[in-house]
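# sequence plus the predicted model coming up.
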Amino acid sequence: QVTLGNFTFPQGLNDLRVWTSMPNGVLDTSNFNDTAAVKTGPALNGTFTINAGLPASSTNYTSFTSLSTALNTFGICGPVTVNVAAGTYNESFVLNNINGSSSTNTITIDGADSTTTILTHNNTSNYGTVTISGTDYVTIRNMRIEATALNGASILINNSSHNTFESNVLWANPNSTSTNTNFIISGTTTSISTNGVGSFNTLQNNLMIGGYYSVYMYGSATSTNVGNKIHNNEMDSVYYYGSYIFFQDSLEFTNNEIDQATRGQINGDGLFLYYSSNFDGSGNYIHAQDYGIYFYNFSNTGTPTINRKNRVTNNMVISETDWGIYFLYTDQVDFFYNSVVTSSTINPAVQITMNATNIIEDYDVRNNVFASTTTEAFELTGIPDTIFIKMDNNVYFSTGANLLNINATPYANLAAYQTAQPAYNALSLDGDP
């Protein structure tokens, strides 16, 4: 061990070179391999700016690229805040395994105004305009982030947790019908992928325009994502899936607005939520051509253990051609204060289904409006109505031949079902809401 003493490195990138001389007290006659070199500098801590109109300095970076180089090279040793000057930045931004980031040593990128601070990229050098890989505790707010290519993502997360993206405009080319996306949790940084790892991330208060998917989060049976939060986002002009989400535990999907119907893809869906438990799906407005919401939990495929009932409350869901909400093998649900409407000629507004090997129970269904223009308002398939712990104070409406279908028994009106099963719907109504 050799003690070299202390040295204060100046801010920015420094070349550190170390070499030997006179090994073992004799002249080195072969000195081609006697030098080690590394680029280094002090870790970042404090407040910085990105401003292309000012010279580069110890506190100002002229681009997102120069900032990412500093963060990726030096790491951080305290909280870092970066205030971004108004302007259009034609580049991508990549954070990769930032040394020192923690719940105390956070990184905040603030554009101040999403109408004037724009980060735009054609997704050639990186799949994501913003890529967060192996890095936790990052917040990006008040920016417009664009993915202009036919394939690519506005924001891509890979193996990263506890990150927040809020009050941004995310724009994934709305003229594309390829798999471009606004927000991804992916298993790789180079494409949209399964086996994504990312927990306790928050996406909130964003306007999200375009995308084949608006949100894509796909964990795995062996690596379930935990505690992610999608809250109060407007997902506009989505081509195929408003949100396509697999293998989540304790997901909060709340107060979002999804418009998939505008672009006219007849097979497009609002929310797909597969292999997920302990979720809260509340306060959303969803309008889709095909499924409004599709919940699917097939047993023994990595679905998380249920520790609390799943919540589906206060949603407005409209489907133009298919189920409004379909629960397939989804266990233990509180289903309150929802309005679900379908114009399908085949499928009902709401359907709950199970089979002999995927048993479900413990449904509480109250204070909902179920309406269909031609099919049943409500259907239960493959299971008796004893799954309901309560079923009351609902409004059912259909202009079709039958109002309900309960385990293959059709009922033309609510009175017929109340007679067959007096334990339920004593205070429910049958009529046009």
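Perfect, I can see it now. All values derive from a computational prediction rather than experimental measurement. Numbering: from 1, shown residues only.

# my guess is Glu257 meets Ser237, correct?
No. With contacts counted by Cβ atoms under 8 Å, Glu257 stays clear of Ser237, the gap being 11.9 Å. All C-beta spots, glycine's among them, are computed from the backbone N, C-alpha and C.

# report the beta-bridge partners for the closest residue to Thr40 other than its chain neighbours.
Taking Cβ to Cβ, 6 or more residues apart in numbering as the measure, Thr40 lies nearest to Leu16, with 5.1 Å between them; neighbours along the chain are not counted. Beta-bridge pairing of Leu16, defined through DSSP bridges, involves Val38.

# beta-bridge partners for Tyr411, please?
Under DSSP bridges, the beta-bridge partners of Tyr411 are Leu404.

# for it, which residues are in contact?
Each residue near Tyr411 by Cβ atoms under 8 Å, 6 or more residues apart in numbering is listed here: Asn402, Leu403, Leu404, Asn405, Tyr417, Ala420.

# let's see that with 7 Å instead.
Contacts for Tyr411 were tallied using Cβ atoms under 7 Å, 6 or more residues apart in numbering; they are Asn402, Leu403, Leu404, Tyr417.

# I'd say the residue nearest to Thr40 and Gly41 touch.
No. Counting by Cβ atoms under 7 Å, no contact exists between Leu16 and Gly41, whose distance comes to 9.2 Å.

# between those two, which is the more surrounded one?
When Leu16 and Gly41 are compared for neighbours, Gly41 comes out ahead with 17 against 12, by other Cβ atoms under 10 Å.

# tell me how many other residues surround Asn255.
If we define neighbours as other Cβ under 10 Å, then Asn255 has 17 of them.

# that one against Lys229, yeah?
No. With contact defined as Cβ under 7 Å, Asn255 and Lys229 do not form a contacting pair (10.7 Å).

# and Pro384, how close does it get to Ala415?
Between Pro384 and Ala415 the distance is 20 Å, computed by Cβ to Cβ, to the nearest Å.

# check which helix or strand covers Thr73.
Secondary structure from DSSP states H and E places Thr73 in helix 64-74.

# quick check: buried residues in that helix?
For helix 64-74, the buried set under the neighbour-count rule, 16 or more other Cβ atoms under 10 Å, comprises Phe64, Thr65, Ser66, Leu67, Ser68, Ala70, Leu71, Asn72, Thr73, Phe74.

# ok now do the nearest residue to Asn278 once chain neighbours are set aside, which residues does it touch?
Of all residues beyond its chain neighbours, the one nearest Asn278 is Ser250 (4.5 Å), with distances taken as Cβ to Cβ, 6+ apart. By Cβ under 7 Å, 6+ apart, Ser250 lies in contact with Val226, Gly227, Asn278.

# can you list the low-confidence ranges for this structure?
Applying pLDDT under 70 to the chain flags the ranges 1-2, 4, 9-13, 22, 32, 39, 298-302.

# those helices in it, which residues are they?
Assigned by DSSP state H, the chain shows helices spanning 64-74, 414-420.

# gap between the longest one and the chain center?
Between the mean C-alpha location of helix 64-74 and the chain-wide mean there is a distance of 26 Å, by Cα atoms, centre = their mean, to the nearest Å.

# output it as CSV, nothing but the C-alphas.
In CSV, the C-alpha atoms belonging to helix 64-74 read as follows (Å, rounded to 0.1, in the frame of the first residue of the first chain):
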residue,chain,number,x,y,z
PHE,A,64,-28.0,16.6,-21.6
THR,A,65,-25.2,14.6,-23.0
SER,A,66,-22.6,16.4,-21.0
LEU,A,67,-24.6,16.1,-17.9
SER,A,68,-25.1,12.4,-18.3
THR,A,69,-21.4,12.0,-19.0
ALA,A,70,-20.6,13.7,-15.7
LEU,A,71,-23.2,11.7,-13.7
ASN,A,72,-22.2,8.4,-15.2
THR,A,73,-18.5,9.0,-14.7
PHE,A,74,-18.3,10.7,-11.3
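
# what is it packed up against?
Taking 3 or more Cβ pairs under 7 Å, 6 or more residues apart in numbering; DSSP states H and E as the contact definition, the neighbouring helices and strands of helix 64-74 are strand 44-50, strand 93-96.

# got TSV for those strands, with distance to Asp430 and mean neighbour count too?
Converted to TSV, the helices and strands packed on helix 64-74 look like this (distance: least, Cβ to Cβ, whole Å; neighbours: other Cβ atoms under 10 Å):
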stretch	distance to Asp430	mean neighbour count
strand 44-50	61	17
strand 93-96	56	21
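
# to Glu166, which of the ones you listed lies closest?
Comparing these by their distance to Glu166 (Cβ to Cβ), the top pick is strand 93-96, with 16.3 Å.

# what does that closest one contact?
If you take Cβ under 7 Å, 6+ apart as the criterion, strand 93-96 is touched by 64, 68, 71-72, 119, 126, 130-135, 138.

# what of stretch 45-52?
With Cβ under 7 Å, 6+ apart as the contact definition, stretch 45-52 has outside contacts at 59-64, 67, 76-78, 80-85, 87.
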